[in-house]
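**Student:** Sequence and predicted structure below; questions after.
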Amino acid sequence: MRARGGGILAIAADDMEDARRLRDEEELPFRLLSAAGLTVLDDYGLAHPEGGLEGETIAIPAELLVAQDGTVVWQHVAGRITDRAPPERILAAIEEHFPARGP
Amino acid sequence: MVSTPPAPHARPAPRRTTRAVFSLVALLLAPLSWWWSIDDPYLRASGATAWTMLAAALFLGLSAAWRDTRRWVRVVAGLELACGVFFVWAFFVLAKLPAAAAPPRAPDFTLPDQDGRPVTLAAELRAGPQLLVFFRGHW
């Protein structure tokens, strides 16, 4: 994504403390955003009420490619809690929608 | 003339100790194999390794208990059946998510990042396209 001038933003209902710990532990190279207590998950239709271990609302796992005009050009939404888009599918979608400019 | 039935001679009860023990090993490997393969998206989503191990455990455990009437062998088979039912329930009921789809346009948001700095989608989009990854959170 960086090669396309863009980036990766990961969003969960964690608070900032947890987000920072996770990012440090896993040495993640992208920013983790905290949607704790906010309506962003609802706005995206990706809230899973009582999905958390303590009955809290958490995010439905999903990967969205957003073009610069704000349209969602590609998305993968999990149907089961273990579903994730395989990295090669995400890369293929990036290549399809944001082709690398030739050298 | 009446034929007399052959005298019952004591046959040792068949034992399937190895089978029963290996079935327990397979049962233990079922969740472990899923955990070890968690970085592979296909194995993670399908649970193929866990299902294979569970099937092996059930086959070994039940076929052992079929002949071997010792109590612990039967208990092992029962435990494996119970685990099998639990796996199926967890896989098909517990892990199911409500059907969802993101809207065609990404709603703008401003959210704090891991260091508390606000991040606004519209501003990030000015730099280039963004990959948004929604995830269930830490643990």
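**Tutor:** It's in.

**Student:** any idea which residue sits dead centre in chain B?
**Tutor:** B:A50 (4.8 Å; C-alpha atoms, centre = their mean).

**Student:** Tell me how far it lies from B:V21.
**Tutor:** Distance, B:A50 to B:V21, by C-beta to C-beta, to the nearest Å: 20 Å. (C-beta placed from N, C-alpha, C; glycine too.)

**Student:** Can you pull out the low-pLDDT segments for the chain?
**Tutor:** No chain specified, so I'll use chain A. Counting by pLDDT under 70, the ranges of chain A that qualify are A:1-6, A:12-27, A:29, A:36-38, A:49-56, A:101-103.

**Student:** Chain B is the one I meant
**Tutor:** B:1-10, B:138-139.

**Student:** top strand in it by residue count?
**Tutor:** Identified as the longest strand of chain B according to DSSP state E is strand B:130-134.

**Student:** what's that strand packed up against?
**Tutor:** strand A:7-12, strand A:62-66 (3 or more C-beta pairs under 8 Å, 6 or more residues apart in numbering or on different chains; DSSP states H and E).

**Student:** hang on, the earlier thing: so the residue nearest to the centre of chain B is in which element?
**Tutor:** For B:A50, the enclosing helix or strand under DSSP states H and E is helix B:48-67.

**Student:** Is that helix positioned near chain A?
**Tutor:** No - residues of helix B:48-67 are not located near chain A by C-beta under 8 Å from any C-beta of the partner chain, the shortest gap being 10.7 Å.

**Student:** helices or strands next to that helix in the packing?
**Tutor:** Against helix B:48-67 (3+ C-beta pairs under 8 Å, 6+ apart) you get helix B:17-36, helix B:71-89.

**Student:** Going by neighbour count, list what's buried in the first one.
**Tutor:** Residues of helix B:17-36 classed as buried by neighbour count (16 or more other C-beta atoms under 10 Å in any protein chain shown): B:R19, B:A20, B:F22, B:S23, B:L24, B:A26, B:L27, B:L29, B:A30, B:P31, B:S33, B:W34.

**Student:** what sits up against that helix?
**Tutor:** Applying C-beta atoms under 8 Å, 6 or more residues apart in numbering or on different chains, the contact partners of helix B:17-36 are B:43-44, B:47, B:49-54, B:56-61, B:63-65, B:68, B:72-73, B:76-77, B:79-80, B:83, B:87.

**Student:** Pull out the buried positions in the helix or strand just after it.
**Tutor:** Moving toward the C-terminus from helix B:17-36, the next helix or strand (DSSP H and E) is helix B:41-46. For helix B:41-46, a neighbour-count test (16+ other C-beta under 10 Å) marks B:P41, B:L43, B:R44, B:A45, B:S46 as buried.

**Student:** does helix B:41-46 come close to chain A?
**Tutor:** Yes - using C-beta under 8 Å from any C-beta, we find that helix B:41-46 touches chain A at B:P41, B:Y42, B:R44, B:A45.

**Student:** Between all of the residues you listed, which two are separated the most?
**Tutor:** B:Y42 and B:R44 (7.1 Å; C-beta to C-beta).

**Student:** quick one: contacts for residue 97?
**Tutor:** Defaulting to chain A. A:L65, A:A67, A:V73, A:W74, B:P129.

**Student:** The chain in question should be chain B.
**Tutor:** A:H48, A:G51, A:I60, A:P61, A:A78, A:G79, A:R80, A:I81, A:D83.
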